[in-house]
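Peer 1: structure for the following, please:
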Amino acid sequence: MSMYKIKPISGGEIQIDLPTCMYKLPNIHCHRSDSDHAQDQSGKVDPALKALEARQDDIMKRLYELKATVDGLSKTITTPDADIDVTSMVQDTPSMSLTGTASLDSLLGKDYGALRDIVINANPSQPPLSLLVLYSLLCERYKVLSAVHVHSSVSSVPAHLLKCFGEQSNHNYSRHDFQLGFTLIWKDVPKPQMKFNIQNMCPIEGEGNIARFLFSLLGQAQDVLTATLVDSWVDAAMFQLVEGSNKEKATALRSLNGALGRMPWLVGSDLTLADIVTWCAVLQSCSAAAVPANVQKWMKCCENLPHFSSAYKLLK
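Peer 2: Prediction:
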């Protein structure tokens with residue numbers, strides 16, 4: 001039993017609307033003026049919106065360029081041999097009179113604005129002459145940024161090998177001015193090694209294999225038969241003339257002499273990779289007295305070409 005009783009002030013069924021937000025603003029999408037509707041129907045775009053879109057496009061383009069620059073620098077920085085104990089460095093800027101007639105994007109895939117870096121390790125006691133010939137051919141088709149480094153595993157390198165890409169240039173160019181980077185590192189390695197696109201591709205080893213890759217950048221189409229013949233001559237040059245015994249070298253020279261007695265070049269009527277690699281192999285592995293007459297004539301024809309003569313000078 002309660003001591004006091006108080007009558008209720010109001011009934012218990014009263015509904016109270018509680019606020020759901022602190023502030024209320026009118027919906028701008030539902031209260032547009034008639035002029036706005038007329039503008040939408042006419043298809044005209046606000047000049048301020050156009051300026052904003054143009055600014056956004058410019059920012060995105062600059063971001064792509066920055067990304068391309070960072071990707072190009074990362075290839076050089078993350079290459080293990082490009083930044084370890086470099087004792088000497090010679091950079092050269094080749095002639096830029098020839099613009100590329102083949103698209104690197106079509107050969108290597110789309111890579112927005114990035115410089116394609118090729119890094120090759122080679123032993124100075126066995127200069128890869130075929131790669132230097134191919135470098136000269138690449139310079140005719142692309143804008144190539146070249147550099148020569150000396151690894152700490154090599155005590156000294158002859159001066160003419162340090163200048164294998166020509167005399168050092170005093171002009172400073174941006175990496176964006178070039179299409180291809182070609183870096184040669186003189187290092188104590190048993191065979192030449194090439195690193196390209198190190199994030200997605202394993203290193204390529206062997207002068208013949210590297211030469212195949214570099215020659216493919218020239219964009220010369222070959223049928224299956226021609227490509228097979230070229231590969232067979234490249235393999236014969238590497239495995240018989242360079243690495244083979246005296247008997248194997250003699251057999252390879254006889255095959256060369258017979259083929260060159262029927263046609264001016266090893267495969268067809270034009271210069272191919274087979275001529276480049278085989279010429280370098282004969283020059284470095286065979287004595288002049290052992291070279292047959294047809295092979296000697298063919299070698300002189302090669303040496304008269306400017307791309308071969310520049311590489312031939314490195315052996316003097």
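Peer 1: where are the low-confidence patches of the chain?
Peer 2: In the predicted model, the chain carries pLDDT under 70 at residues 1-2, 8-14, 30-43, 71-114, 167-173, 197-201, 315-316.
Peer 1: which residues of it fall in helices?
Peer 2: 34-42, 47-77, 104-108, 129-141, 159-162, 207-216, 224-236, 246-262, 273-285, 293-303, 306-312 (DSSP state H).
Peer 1: deepest-packed of these, please.
Peer 2: Scoring those by mean neighbour count under mean count of other Cβ atoms under 10 Å gives helix 273-285 as the most buried, with a mean of 25. No exception for glycine: its C-beta is placed from N, CA and C like everyone else's.
Peer 1: give me the number of residues near residue 202?
Peer 2: Residues contacting residue 202 under the criterion other Cβ atoms under 10 Å number 7.
Peer 1: likewise for residue 16?
Peer 2: Neighbours of residue 16 (other Cβ under 10 Å): 4.
Peer 1: got the contact list for stretch 177-189?
Peer 2: Contacts with stretch 177-189, where a contact means Cβ atoms under 8 Å, 6 or more residues apart in numbering, come from 72, 76, 81-82, 96, 100, 104, 115-124, 131, 135, 138, 142-151, 153-154, 157, 161, 164-165, 175, 217.
Peer 1: and if we set it to 7 Å?
Peer 2: Stretch 177-189 has contacts (Cβ atoms under 7 Å, 6 or more residues apart in numbering) with 81-82, 100, 104, 115-124, 135, 138, 142-151, 153-154, 157, 161, 164.
Peer 1: isn't residue 194 right up against residue 210?
Peer 2: Yes - Residue 194 lies in contact with residue 210 (Cβ atoms under 7 Å); the separation is 4.4 Å.
Peer 1: overlap in contacts of those two?
Peer 2: 120, 204.
Peer 1: mind putting the helices of the chain in a markdown table, distance to residue 186 included?
Peer 2: Shown next, in a markdown table, are the helices of the chain (distance: least, Cβ to Cβ, whole Å):
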| stretch | distance to residue 186 |
| --- | --- |
| helix 34-42 | 68 |
| helix 47-77 | 17 |
| helix 104-108 | 26 |
| helix 129-141 | 13 |
| helix 159-162 | 7 |
| helix 207-216 | 15 |
| helix 224-236 | 24 |
| helix 246-262 | 27 |
| helix 273-285 | 16 |
| helix 293-303 | 24 |
| helix 306-312 | 16 |
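Peer 1: can you say which of those helices is nearest to residue 3?
Peer 2: Set against residue 3 and scored by Cβ to Cβ, the helices of the chain come closest in helix 34-42, at 69.3 Å.
Peer 1: would you confirm that residue 309 contacts residue 302?
Peer 2: No - counting by Cβ under 7 Å, residue 309 sits too far from residue 302 to count as a contact (8.9 Å).
Peer 1: list the contacts of the residue lying closest to residue 286 once chain neighbours are set aside.
Peer 2: Nearest non-adjacent residue to residue 286, counting by Cβ to Cβ, 6 or more residues apart in numbering: residue 249, 6.2 Å away. Residue 249 makes contact with 240-241, 285-286, according to Cβ under 7 Å, 6+ apart.
Peer 1: drop anything exposed from the contacts of stretch 177-189.
Peer 2: Listed as buried from the contacts of stretch 177-189 are 81-82, 100, 104, 115-124, 135, 138, 142-151, 154, 157, 161, 164; burial here means 16 or more other Cβ atoms under 10 Å.
Peer 1: those residues in strands, which ones?
Peer 2: By the criterion of DSSP state E, membership of those in strands covers 116-122, 144-150.
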